[in-house]
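1. Give me a 3D structure for the following:
(one chain, ligands or ions: 2)
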Amino acid sequence: MSSIDSVLTETRVFPPSDAFRLQANVSGLEAYHTLCEQANNDYEGFWGQLAREQLSWHKPFTQVLDERNPPFYRWFGDGELNVSYNCLDRHLPLLANKLAIIFESDNGTVTRVTYAELYRRVCQFANGLKSLGITKGDRVVIYMPMSIEAVVAMQGCARIGAIHSVVFGGFSSKSLQERIIDAKARLVVTANEGVRGGKLVPLKATVDEALAAGGCDSVERVVVYKRAVHEDGPWQIGRDIWWHDLVKGKPEHCEPTWVNAEDPLFILYTSGSTGKPKGVQHSSAGYLLGAINTMRWTFDYKPADIFWCTADVGWITGHSYVAYGPLAVGATQLIFEGVPTYPDAGRFWQMIEQHKVTTFYTAPTAIRSLIKLGGDLPAQYDLSSLRLLGTVGEPINPEAWVWYHEKVGGGRCPIVDTWWQTETGSHMITPLPGAVATKPGSCTLPLPGIQADIVDEAGFPVENGKGGFLVIKRPFPSQVRTLWNDPERFKKAYFPEEYNGKYYLAGDSAHRDEQGYFWIMGRIDDVLNVSGHRLGTMEIESALVANPLVAEAAVVGKPHEIKGESIVAFVVLKGPRPSGDEARQIIANLREWVGSEIGALAKPDEIRFGDNLPKTRSGKIMRRLLRAIAKGEEITQDVSTLENPAILQQLQESV
Ligand code: ATP
Ligand code: MG
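-> Ligands and ions are numbered 1, 2, ... in the order given. Alright, predicted model coming up:
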């Protein structure tokens with residue numbers, strides 16, 4: 001297969017300010033290179049030292065990496081520890097009265113919890129789990145709204161060595177049922193309801209439906225946290241138990257269950273942007289080490305920070321940067337129950353002002369929609385507490401990056417564009433904000449110790465400027481250990497024969513520029529083939545988004561007799577959805593625009609408008625659905641993770 005062509009050029013560079021660099025945990029490019037060299041010269045020594053320094057061990061490990069059975073790697077394999085101990089107990093001597101969580105509910109009520117209080121709550125819940133007979137290795141499905149209790153439930157499982165599998169509270173009963181069955185969960189933890197954007201989300205009812213649908217015989221009990229004061233639904237005596245009844249009178253101490261470094265901490269089913277969900281299984285020690293390192297490296301964590309990651313705990317981002325990473329370093333973090341657009345599109349900015357957030361981490365999809373709904377709103381708030389911004393989940397289009405930098409970050413905050421995956425557990429390629437100059441749209445350079453590369457089909461590195469497959473050439477501590485109950489699929493999906501089963505294949509395409517910066521071009525499955533040129537989706541989409549009229553864009557290929565594929569673009573304007581002559585005029589202008597931005601080759605053959613794009617519940621554009629729409633096919637695919645099914649109708653209409 002030929003390489004992938006890169007057509008977009010982005011030349012803006014933003015070096016770290018002196019002020020930021022001087023205070024940074026990794027200060028200056030040289031410091032970054034030194035760390036990389038240390039890792040290259042003594043790979044195991046590098047990771048071993050970090051694991052000894054950053055984690056508290058019950059029994060120290062003697063071996064760092066065990067590669068005898070690839071790709072089933074083991075890290076720190078004879079060590080013992082407890083993840084909850086590392087997130088709570090070890091902070092108590094000094095930080096007992098420090099705030100661990102500031103929780104803001106949908107309607108703005110604020111609850112504050114110290115480390116001492118969080119410790120008590122986790123212990124009581126862990127004792128509650130024990131009283132239900134849950135022990136080490138049992139699977140617990142957590143189907144909760146964003147809440148302090150969701151974090152307590154996860155930490156409570158970790159405390160007794162139970163394996164949690166969090167299912168995002170927006171998933172349907174069918175998705176929930178599938179995940180319960182696959183994990184053979186003994187227990188489900190849920191809430192009677194969730195509240196988002198002023199609306200009630202019927203969580204317990206959805207659990208009831210999932211369990212009634214069959215195949216869930218493994219589930220013995222359902223623990224229900226009472227969130228909304230609303231009439232209680234059906235109650236199955238003997239199975240259902242209120243959270244408050246479960247923890248009532250339970251001891252406020254719970255000896256942590258010491259687990260092996262490699263014992264699974266959790267299973268998390270990936271969002272399914274590209275097909276049947278996979279049960280990604282993570283380890284205890286290596287996973288936590290990744291979360292801690294990246295809190296310090298990427299987020300330049302400082303004890304005075306107010307850290308806010310807006311991701312739901314149902315996603316990996318909410319695992320690593322809500323439930324585990326911030327607590328493991330003793331941070332104060334903000335957790336938000338609601339949505340960014342309620343009561344209006346200023347909610348995030350209002351919360352940053354109110355809670356004096358220093359570090360803000362969100363998704364490009366949120367940024368793009370907040371630009372569309374209120375590009376000038378950030379100016380109405382005092383955002384001067386911010387010192388660092390981050391993004392994750394999709395490539396961020398350069399124009400959205402620049403808006404974020406100027407309007408939210410006041411031109412002063414570095415932006416860390418973090419490339420990583422459910423499978424990698426923590427950041428892989430991202431700027432170190434006090435060391436690496438940023439470029440809008442690039443996730444810049446791999447973290448120290450992460451041997452990322454871009455290769456062709458035979459595994460040879462492609463030259464700079466050429467796109468290829470993003471791989472990671474050596475195992476790293478926080479990587480996925482296997483797919484739950486499916487080691488064969490694990491091998492096939494991530495460690496293909498073409499690379500002798502050695503390289504981890506991420507599934508994304510990317511290219512590198514002259515400075516060695518990485519630019520993610522999209523998913524391999526989404527690459528277009530136009531007149532013999534292979535094009536990633538990201539660059540054409542970014543060219544469209546750079547047009548002042550455009551808020552969001554997605555492009556897909558559609559079979560074409562002569563060109564191989566033609567380009568179909570789905571576009572959301574900042575203004576209302578156009579029709580008739582106006583739409584035709586805008587289409588002509590946008591085609592010209594793309595032609596002049598990146599070349600005639602990339603001009604969309606067809607452009608359609610919608611009020612929004614089909615997205616997964618985690619906010620990612622579902623291009624596989626758009627491909628079907630472009631071809632005029634009936635949609636037979638699994639749309640259970642789709643947030644806004646009504647949009648499909650609109651996008652089926654061409655102008
Ligand atoms: P599935 O694997 O089921 O299709 P998913 O890949 O969307 O789901 P995640 O693991 O949450 O689930 O997302 C990881 C993917 O998100 C990456 O492979 C990449 O395509 C994209 N991504 C994440 N962060 C970035 C980033 N900073 N820049 C570009 N792409 C990103
Ligand atoms: Mg994926």
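2. ok, Phe495 - contacts?
-> When contacts are counted by Cβ atoms under 8 Å, 6 or more residues apart in numbering, Phe495 touches Pro70, Pro71, Gly501, Lys502, Tyr503, Tyr504, Leu505. Backbone N, C-alpha and C define where each C-beta goes, glycine included.
3. quick one: which of the residues you listed sit in strands?
-> Tyr504, Leu505 (DSSP state E).
4. Pull the most distant pair out of the contacts of Phe495.
-> Spatially, the most separated pair among the contacts of Phe495 is Pro70 and Leu505, at 13.8 Å (Cβ to Cβ).
5. who's more crowded, these two?
-> More crowded of Pro70 and Leu505, by other Cβ atoms under 10 Å: Leu505, with 18 against 12.
6. Near ligand 1, which residues of the stretch 501-650 of the chain are found?
-> Applying Cβ under 6 Å from any ligand atom, we find that the stretch 501-650 of the chain lies next to ligand 1 at Ala506, Gly507, Asp508, Ile520, Arg523, Lys620.
7. ok, back up a step: buried ones among the contacts of Phe495?
-> Pro71, Tyr503, Tyr504, Leu505 (16 or more other Cβ atoms under 10 Å).
8. quick one on the thing from earlier: can you list the contacts of Phe495 in CSV and add pLDDT?
-> Formatted as CSV, those follow (pLDDT from 0 to 100):
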residue, pLDDT
Pro70, 96
Pro71, 97
Gly501, 87
Lys502, 91
Tyr503, 96
Tyr504, 97
Leu505, 97
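9. which of the contacts of Phe495 lies closest to Ala546?
-> Leu505 (30.7 Å).
10. And Pro576, how far from Ile586?
-> In this structure, Pro576 and Ile586 are 12 Å apart, going by Cβ to Cβ, to the nearest Å.
11. Those two: which has the busier surroundings?
-> The residue with more neighbours, out of Pro576 and Ile586, is Ile586; 21 against 9, by other Cβ under 10 Å.
12. do you know how far that one is from ligand 1?
-> 28 Å (Cβ to the nearest ligand atom, to the nearest Å).
13. Identify, by residue count, the longest helix of this protein.
-> Looking across the chain with DSSP state H, the single longest helix is helix 580-598.
14. Touching that one from outside, list them.
-> Against helix 580-598 from outside (Cβ under 8 Å, 6+ apart): 7-8, 539-540, 543-544, 546-547, 549-550, 569, 571, 573, 578, 602-604, 607, 609, 655.
15. Can I get the buried part of the residues you listed as one PyMOL selection?
-> Per 16+ other Cβ under 10 Å, the buried members of the contacts of helix 580-598 correspond to this PyMOL selection:
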select buried, resi 7+8+539+540+543+544+546+547+550+569+571+573+578+602+603+604+607+609
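16. got the residues of the protein near ligand 1?
-> 270-274, 315-316, 392-395, 417-419, 421-422, 443, 506-508, 520, 523, 620.
17. which ones among these are found in strands?
-> Asp417, Ala506, Gly507, Asp508, Ile520, Arg523.
18. On the strand side of things, show who the fourth one bridges to.
-> Okay, so that is Asp508. Arg523 (DSSP bridges).
19. count of residues packed around it?
-> When neighbours are counted by other Cβ under 10 Å, Asp508 comes out with 22.
20. what sits against it?
-> Asp508 neighbours (Cβ under 8 Å, 6+ apart): Trp419, Phe469, Leu470, Ile520, Met521, Gly522, Arg523, Ile524.
21. Just the C-alphas of stretch 359-371, formatted as PDB.
-> Output of stretch 359-371 as PDB, limited to C-alpha atoms (Å, rounded to 0.1, in the frame of the first residue of the first chain):
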ATOM      1  CA  THR A 359      -5.900  23.500  34.300                       C
ATOM      2  CA  PHE A 360      -8.800  22.800  31.800                       C
ATOM      3  CA  TYR A 361      -9.000  19.700  29.700                       C
ATOM      4  CA  THR A 362     -11.800  19.200  27.200                       C
ATOM      5  CA  ALA A 363     -12.700  17.800  23.700                       C
ATOM      6  CA  PRO A 364     -12.500  19.500  20.300                       C
ATOM      7  CA  THR A 365     -16.200  18.700  19.800                       C
ATOM      8  CA  ALA A 366     -17.000  20.800  22.900                       C
ATOM      9  CA  ILE A 367     -14.800  23.600  21.700                       C
ATOM     10  CA  ARG A 368     -16.300  23.600  18.200                       C
ATOM     11  CA  SER A 369     -19.900  23.600  19.500                       C
ATOM     12  CA  LEU A 370     -19.100  26.400  22.000                       C
ATOM     13  CA  ILE A 371     -17.700  28.500  19.100                       C
END
